[in-house]
Every structure is written in structure tokens, then in C-alpha cells.
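> Have a look; sequence and predicted model below, questions after that.
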Amino acid sequence: MNEMGAKMIGFVGVPPLGCCPSQRTGPSRECEPLRNQASELFNTRMKQEIDRLNVEHNIDGLRVVYFDIYYNLLDLIHNPGYYGKFVNSL
């Protein structure tokens, strides 16, 4: 990709998978903590690998970046009113 002119490549982390509607089962409808823990572990290791690649393989101005969306989405799920008014149509 560098030969084609790419100077920045971005990777987006995984969201809190335990908070997906299919995982929020039972009467409490709470997020499933083990799946969220797996998401956090994956994101942590992905960031570490991207940091390692940037250090070890410094290729002519190419930069690999990681975008962490986990905590922003988790906050949105737990505090939806903070981000604006949501209308529940159900």
C-alpha cells in the first residue's frame, strides 16, 4: 500500500460486543461482561501490535494508527441521555 501512496492506515477497534442487543438477554438486559472483557483484551493487543509495527517497521513515512471506539460506545450505551434526547418508539 505504501508503494501506491498510502501514508496512513487506520484500524478501528471492536466495540463492546457484550452490549450488542443479541447479548443483552435476561430480565436485567445488562451487557454481558465476559464478551466485553474479550473486546477490551483484543483492542489492547491490537494497539500494542500497531505500536510495535510503527517502531520496528518505520517505512518511509507510513504510519499505522489505531482508533479506539470501545469506551466512547460503552459510555453512549450507559449514558444515552448525555448525548441528546432519544425517542423510544417501542
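Perfect, I can see it now.
> Break down the chain into its helices, ranges please.
For the chain, helices defined by DSSP state H occupy the ranges 33-56, 70-78.
> Now distance to residue 27, mean pLDDT and mean neighbour count too, for those, in a markdown table please.
No exception for glycine: its C-beta is placed from N, CA and C like everyone else's. Output for the helices of the chain, formatted as a markdown table (distance: least, Cβ to Cβ, whole Å; pLDDT from 0 to 100; neighbours: other Cβ atoms under 10 Å):
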| stretch | distance to residue 27 | mean pLDDT | mean neighbour count |
| --- | --- | --- | --- |
| helix 33-56 | 16 | 93 | 14 |
| helix 70-78 | 18 | 91 | 15 |
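> Redo these as JSON lines? Include distance to residue 7.
Formatted as JSON lines, the entries for the helices of the chain read as follows, by distance: least, Cβ to Cβ, whole Å:
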{"stretch": "helix 33-56", "distance to residue 7": "13"}
{"stretch": "helix 70-78", "distance to residue 7": "25"}
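> Which one of those helices lies nearest to residue 22?
Comparing those by their distance to residue 22 (Cβ to Cβ), the top pick is helix 33-56, with 10.1 Å.
> Pull the distance from that closest one to the chain's centre.
Relative to its chain's centre, helix 33-56 lies at 10 Å (Cα atoms, centre = their mean, to the nearest Å).
> now for that helix, which elements pack on it?
Packed against helix 33-56, as judged by 3 or more Cβ pairs under 8 Å, 6 or more residues apart in numbering; DSSP states H and E, are the following elements: strand 63-67, helix 70-78.
> Indicate which one of those is closest to residue 28.
Distance to residue 28, taken as Cβ to Cβ, is lowest for helix 70-78 among these, at 13.5 Å.
> Identify all contacting residues around the closest one.
13-16, 19, 31, 36, 39-40, 43, 82-83 (Cβ atoms under 8 Å, 6 or more residues apart in numbering).
> quick check: angle from it to helix 33-56?
Between the axis of helix 70-78 and that of helix 33-56 there is an angle of 150 degrees, by axes from the mean of the first three to the mean of the last three Cα atoms, to 10 degrees.
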